[in-house]
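Undergrad: Show me the folded form of this:
(one chain, ligands or ions: 2)
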Amino acid sequence: MAKALEIEKLKVRVTGKEILKGVDLSVDYGEVHAVMGPNGSGKTTLAYTIMGRDGYEVESGDIRLEGESILGLPADERAPKGLFLAFQEPPAIQGVRFSTFLIAIINKRMGARDLTTLKDPRKLREIYKLLEEVGLDKSVLTRELYVGFSGGEKKRAEMLQALLVNPKVVILDEPDSGLDVDGVRKIAELIESLRKNGKAVLLITHYPRLFNYVEPDTVTVLMNGKIVARGDSDLARAIEEKGYQAVANVA
Ligand SMILES: Nc1ncnc2c1ncn2[C@@H]1O[C@H](COP(=O)(O)OP(=O)(O)OP(=O)(O)O)[C@@H](O)[C@H]1O
Ligand SMILES: [Mg+2]
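TA: Numbers count the residues shown, from 1 in each chain. Ligands and ions are numbered 1, 2, ... in the order given. Predicted coordinates for the structure are as follows:
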């Protein structure tokens, strides 16, 4: 049976340069698949390509959601199919309150036409509950989206959206970067809860420290746009000890 997300022999060009050079991987519901690799290896490119971002040109290969290719779909039709990306570096959006943004997500999820109204107190209750779950203060709600947010606040806010959107496949691009020890543990707990809730989680990170708290089902190592190793959390531990170069070509 088809898995939640399957990537097959994917080659991708960005501004004419080949960045991904034949990537295969899959993740199923209730699984965490970690993608690791040094800076510039193509991890974020993979995430953006899955989401259908402009400028990420698929040269060959396929991306399938529940067995169906999504390559022909524009970005705005992919997310509603059940894909969510938590950004490595989410951009600040001036003039949009965080609360307005979150309510728009709830309304959209409910199929409402007016995407900003807040009439139902259940919406606010859901948001308050999630703020507590991710460890963010209520005061962030009245602030503009990501404007002046600390690195850790941004990561928590991205996780909050992942929980709110309730997608099938969650792609987390370095959800632990810039976080303190408690923050890393919190993010790990949230990843575990996504897995328990049956989400397919593609977890991009280059620090194995997250795996002190989350046990990935599969670890794939990307270097220079190619998969150079695949294994389980032992592979992540080997990377911690010996570095990326040493584990390359294990697969
Ligand atoms: N829009 C772009 N134009 C030109 N080159 C790009 C573009 N986007 C990505 N690249 C290049 O593609 C390569 C892979 O970048 P990518 O951001 O996917 O790496 P990464 O694995 O996510 O790195 P990091 O761990 O630093 O986040 C890099 O060499 C980068 O400079
Ligand atoms: Mg990146």
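
Undergrad: How many residues are close by the closest residue to Ile93 other than its chain neighbours?
TA: Once flanking residues are discounted, Ile93 sits nearest to Leu145: 4.2 Å by C-beta to C-beta, 6 or more residues apart in numbering. Just so you know, the C-beta spots here come from the backbone N, C-alpha and C atoms, and that holds for glycine as well. Neighbours of Leu145 under the rule other C-beta atoms under 10 Å: 21.

Undergrad: pLDDT score for Leu145?
TA: With respect to pLDDT, Leu145 scores 95.

Undergrad: residues in the protein within reach of ligand 2, list them.
TA: Applying C-beta under 5 Å from the ion, we find that the chain lies next to ligand 2 at 43-44, 88.

Undergrad: Looking at the residues you listed, which is nearest Pro216?
TA: Taking C-beta to C-beta as the measure, Pro216 sits nearest to Lys43 out of the residues of the chain next to ligand 2, at 14.3 Å.

Undergrad: if I look at that closest one, how far off is ligand 1?
TA: 3 Å (C-beta to the nearest ligand atom, to the nearest Å).

Undergrad: please begin residue numbering at 39 from this point
TA: New numbering, starting at 39: the last item is Lys81.

Undergrad: That residue: what's it in contact with?
TA: Neighbouring residues of Lys81 by C-beta atoms under 8 Å, 6 or more residues apart in numbering: 73-75, 211-212, 242, 244, 260.

Undergrad: Tell me the residues of this structure that contact ligand 1?
TA: With C-beta under 6 Å from any ligand atom as the criterion, the chain meets ligand 1 at residues 52-53, 57, 75, 77-83, 126, 244.

Undergrad: now these as JSON lines including secondary structure and pLDDT?
TA: Output for those, formatted as JSON lines (DSSP: H, G, I helix; E, B strand; the rest coil; pLDDT from 0 to 100):
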{"residue": "Val52", "secondary structure": "strand", "pLDDT": "98"}
{"residue": "Thr53", "secondary structure": "coil", "pLDDT": "97"}
{"residue": "Ile57", "secondary structure": "strand", "pLDDT": "98"}
{"residue": "Gly75", "secondary structure": "coil", "pLDDT": "94"}
{"residue": "Asn77", "secondary structure": "coil", "pLDDT": "94"}
{"residue": "Gly78", "secondary structure": "coil", "pLDDT": "96"}
{"residue": "Ser79", "secondary structure": "coil", "pLDDT": "96"}
{"residue": "Gly80", "secondary structure": "coil", "pLDDT": "98"}
{"residue": "Lys81", "secondary structure": "helix", "pLDDT": "97"}
{"residue": "Thr82", "secondary structure": "helix", "pLDDT": "97"}
{"residue": "Thr83", "secondary structure": "helix", "pLDDT": "98"}
{"residue": "Gln126", "secondary structure": "coil", "pLDDT": "93"}
{"residue": "His244", "secondary structure": "coil", "pLDDT": "83"}
